[in-house]
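Q: Starting from these lines, generate the structure:
(chains A and B)
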Amino acid sequence: NAGVTQTPKFQVLKTGQSMTLQCAQDMNHEYMSWYRQDPGMGLRLIHYSVGAGITDQGEVPNGYNVSRSTTEDFPLRLLSAAPSQTSVYFCASSPDRVSYEQYFGPGTRLTVT
Amino acid sequence: DAKTTQPPSMDCAEGRAANLPCNHSTISGNEYVYWYRQIHSQGPQYIIHGLKNNETNEMASLIITEDRKSSTLILPHATLRDTAVYYCIVRVFGTRGATNKLIFGTGTLLAVQP
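A: Residues are numbered from 1 along each chain as shown, chains lettered A, B, ... in the order given. Here you go, the predicted structure:
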């Protein structure tokens, strides 16, 4: 199993541009989520999904959209990038919404200029 | 979910036990204590969790006080590869309507010294 994969590893955007961060898992996990991590801070939850077709907002959802059309994929869309969205983004998955262990991807480092 | 308090940083000599404390004085009866770690620039990694009994796995031991207001993560023989930020998280587990949201604080940076 590849586990949780994220692409791209690095991305630079100009203010106002849009893009999609990709996240995929091959473990048939129901639960997937997106976090962002700013320098010197812990991770903050952006959006999560408890299964295909079901998504919900986390702590910091503004400026981001998600969808979950398949079990494997959970893309994060930045609608109009802002410098405040400069961060490292982590995707995570777990077998279901109550599993004690979550598996994190390697992260995408995004810079918005 | 209850709030946790951890020291911002700790040092440990290689080969010695690393004891990382966490205070969670407002923990409620159905909240578990979780530990994750994040090695530089990588995604967090699950270590261990517990409710009220002490727990041990291949990575670490978790000691929870009898009143459950604090806990200690023990790495029995720290190596240089254990240098990381360690997060103590308290959350409800397994209850109806629960979701797998983790609330991360700023954690403890453990520096293992050669």
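Q: Now do A:Ala92: how many residues are near it, please.
A: Using other CB atoms under 10 Å in any protein chain shown, A:Ala92 is surrounded by 26 other residues. No exception for glycine: its C-beta is placed from N, CA and C like everyone else's.
Q: isn't it right up against A:Tyr103?
A: Yes: taking contacts as CB atoms under 8 Å, A:Ala92 lies within contact range of A:Tyr103: 6.3 Å.
Q: got a list of what the nearest residue to A:Asp38 once chain neighbours are set aside touches?
A: Once flanking residues are discounted, A:Asp38 sits nearest to A:Ser87: 5.2 Å by CB to CB, 6 or more residues apart in numbering or on different chains. A:Ser87 makes contacts with A:Arg36, A:Gln37, A:Asp38, A:Leu110, as judged by CB atoms under 8 Å, 6 or more residues apart in numbering or on different chains.
Q: Please name the bridge partners of A:Cys91.
A: Here A:Cys91 sits in beta bridges with A:Trp34, going by DSSP bridges.
Q: what does A:Leu78 give?
A: For A:Leu78, the beta-bridge partners are A:Met19, A:Tyr64 (DSSP bridges).
Q: Quick one: neighbours of it, just the number.
A: 20.
Q: Quick one: residues contacting it.
A: For A:Leu78, the contact set (CB under 8 Å, 6+ apart) comprises A:Leu13, A:Ser18, A:Met19, A:Thr20, A:Leu21, A:Gly63, A:Tyr64, A:Gln85, A:Leu110.
Q: residues near the last one, how many?
A: Same thing as A:Leu110. Neighbour tally, A:Leu110, other CB under 10 Å: 20.
Q: measure it to B:Asn54 for me?
A: To B:Asn54, A:Leu110 is 41 Å away according to CB to CB, to the nearest Å.
Q: ok, the most centrally placed residue in chain B - contacts?
A: The centroid of chain B falls nearest to B:Trp35 when counting by CA atoms, centre = their mean (3.0 Å). B:Trp35 makes contacts with B:20, B:22, B:46-49, B:60, B:62, B:73, B:86-89, as judged by CB under 8 Å, 6+ apart.
Q: Return the backbone torsion pair for it.
A: Main-chain torsions, B:Trp35, degrees, to the nearest 10: phi -130, psi 130.
Q: out of everything not next to it in sequence, what's closest to it?
A: Excluding its sequence neighbours, the residue lying closest to B:Trp35 (CB to CB, 6+ apart) is B:Ile47, at 4.3 Å.
Q: Going by contacts, tell me the helices and strands next to the helix or strand hosting that neighbour.
A: Element membership for B:Ile47 (DSSP states H and E) is strand B:45-50. Packing partners of strand B:45-50 (3 or more CB pairs under 8 Å, 6 or more residues apart in numbering or on different chains; DSSP states H and E): strand B:31-38, strand B:55-56, strand B:61-64, strand B:70-75.
Q: among those, which is nearest A:Ala81?
A: With CB to CB as the measure, strand B:31-38 is the member of the helices and strands packed on strand B:45-50 nearest A:Ala81 (25.0 Å).
Q: Could you tell me how far the closest one lies from the centre of the chain?
A: Centroid separation between strand B:31-38 and its chain, computed with CA atoms, centre = their mean, to the nearest Å, is 5 Å.
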